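Asker: got a predicted model here, sequence first, then my questions.
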Amino acid sequence: MDTPEELWRMITGNMALIQVQATVVGFLASIAAVVFGWIPDGHFSIGHAILLCASSVATAFIASLVLGMIMIGVIIGSRKMGINPDNVATPIAASLGDLITLALLSGISWGLYIELEDKPYVNPLVFAFFVALLPLWIIIAKKNPATREVLYSGWEPVIIAMAISSVGGLILGKTVSDPNFVGMAVFTPVINGVGGNLVAVQASRISTYLHMSGMPGETSEMAPRKCPSPCRTFFSSDVNSQSARVLFLLVVPGHLVFLYTISSMQGGHTTLTLIFIVFYMTAALLQKLVV
């Protein structure tokens, strides 16, 4: 990032890589949603399936493009100001990601649904347009050495994350439909958002730490020789262990702020008793400890 040429090459390569992953994962997520909706109901509509695929791919593509541009600005600005981008960019991406994606998904799906009856060819065209751009993004990503390897080997965590989110959506759908847990829906994005943001910061810091230690496959004194134990992860003098302790201690005050905000806005339809707060905090700390 020291010269404009290298900076531009890094930006174009990473943006192309993100668009490839967004298009593919958006399509896979729509297929999973179609299957999960078809199996319990036993009803399948080809028009609605194409609508879901087109909406998912278009949303993933546009949301990744917008977030990618925002992240580029945040990272470049952080570098110029002497701030570690790992502490800034990842929480912004995690926070804005859900907001931008949900807003785009609702708007795009609503617009495509209106055209479903009068112009049924619009949905297939939208889907085909974004899929047709895949070869272009692949070519651009392959030209950059920094993104060429990720283009081939970086699919497992993305697809696994999509699968976990899909299963989590099914669990949430079953939970909120239970009358005993009708008020829990408002707490789900809070507990997932706080834990996800903190873990994203730690994962980004570890990624930077490993990149500084050398190329993949090389041994270095900075990089651990084996997977660290839970005690070493939280109680050693290592820089990653120190950041893990700090992030872990932020769980309780962060959740207390959100719980008070939800209670003051009379959201969730759940009374904040001492027992509820204790079990909620236990679940939040356990979640952060595991991930």
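Answerer: Perfect, I can see it now.

Asker: how about Asn14, what does it touch?
Answerer: Under the criterion of Cβ atoms under 8 Å, 6 or more residues apart in numbering, the contact partners of Asn14 comprise 68, 144, 146-147. Yep, even glycine has a C-beta here, placed from its N, CA and C like the rest.

Asker: which residues sit against the lowest-mean-pLDDT helix or strand in the chain?
Answerer: Among the helical and strand segments of the chain, the one scoring lowest on mean pLDDT, DSSP states H and E is helix 230-235, with a mean of 74. Counting by Cβ under 8 Å, 6+ apart, helix 230-235 makes contact with 238, 240-241, 244-245, 248, all of which sit outside it.

Asker: what's the distance between the residue of the chain positioned farthest from its centre and Leu112?
Answerer: Residue distances from the centre of the chain (Cα atoms, centre = their mean) peak at Asp118, which lies 35.1 Å from the mean C-alpha position. Applying Cβ to Cβ, to the nearest Å, one obtains 12 Å for the distance of Asp118 from Leu112.

Asker: equivalent analysis for Arg9, please.
Answerer: 36 Å.

Asker: between these two, which one's more packed in?
Answerer: The residue with more neighbours, out of Arg9 and Leu112, is Leu112; 20 against 16, by other Cβ atoms under 10 Å.

Asker: summarise which helices and strands the host helix or strand of the more buried one is packed against.
Answerer: Leu112 is part of helix 89-118 when elements are defined by DSSP states H and E. Applying 3 or more Cβ pairs under 8 Å, 6 or more residues apart in numbering; DSSP states H and E, we find helix 89-118 packed against helix 46-81, helix 122-132, helix 188-213.

Asker: how about the longest one: buried residues?
Answerer: I take that to be helix 46-81. Buried positions in helix 46-81, judged by neighbour count with 16 or more other Cβ atoms under 10 Å: 49-64, 67-68, 70-72, 74-75, 78.

Asker: before we move on, what about the second one?
Answerer: Going by neighbour count (16+ other Cβ under 10 Å), the buried part of helix 122-132 is 122-123, 126-127, 130-131.

Asker: and that helix, what other elements does it pack with?
Answerer: Packed against helix 122-132, as judged by 3+ Cβ pairs under 8 Å, 6+ apart, are the following elements: helix 4-41, helix 46-81, helix 89-118.

Asker: counting by contacts, list what the helix or strand just after it packs against.
Answerer: The helix or strand immediately downstream of helix 122-132 is helix 134-143, counting by DSSP H and E. With contacts defined as 3+ Cβ pairs under 8 Å, 6+ apart, helix 134-143 has these neighbours: helix 4-41, helix 145-153.

Asker: list the buried residues of helix 134-143.
Answerer: Applying 16+ other Cβ under 10 Å to helix 134-143 flags 137, 140-142 as buried.

Asker: name the residues that touch that helix?
Answerer: 12-13, 16-17, 19-20, 23-24, 147-148, 151.

Asker: and if we set it to 10 Å?
Answerer: Contacts to helix 134-143, defined as Cβ atoms under 10 Å, 6 or more residues apart in numbering, come from residues 9, 12-24, 27, 61, 147-148, 150-152.

Asker: can I get the buried part of those as one PyMOL selection?
Answerer: Here is the PyMOL command that selects the buried residues among these (16+ other Cβ under 10 Å):
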select buried, resi 9+13+14+15+16+17+18+19+20+21+22+23+24+27+61+147+150+151
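
Asker: which residue is nearest the middle of this protein?
Answerer: Averaging the C-alpha coordinates of the chain gives a centre point, and the residue nearest to it by Cα atoms, centre = their mean is Ala94 (6.0 Å).

Asker: that one contacts Thr101, doesn't it?
Answerer: No. Counting by Cβ atoms under 10 Å, no contact exists between Ala94 and Thr101, whose distance comes to 11.3 Å.
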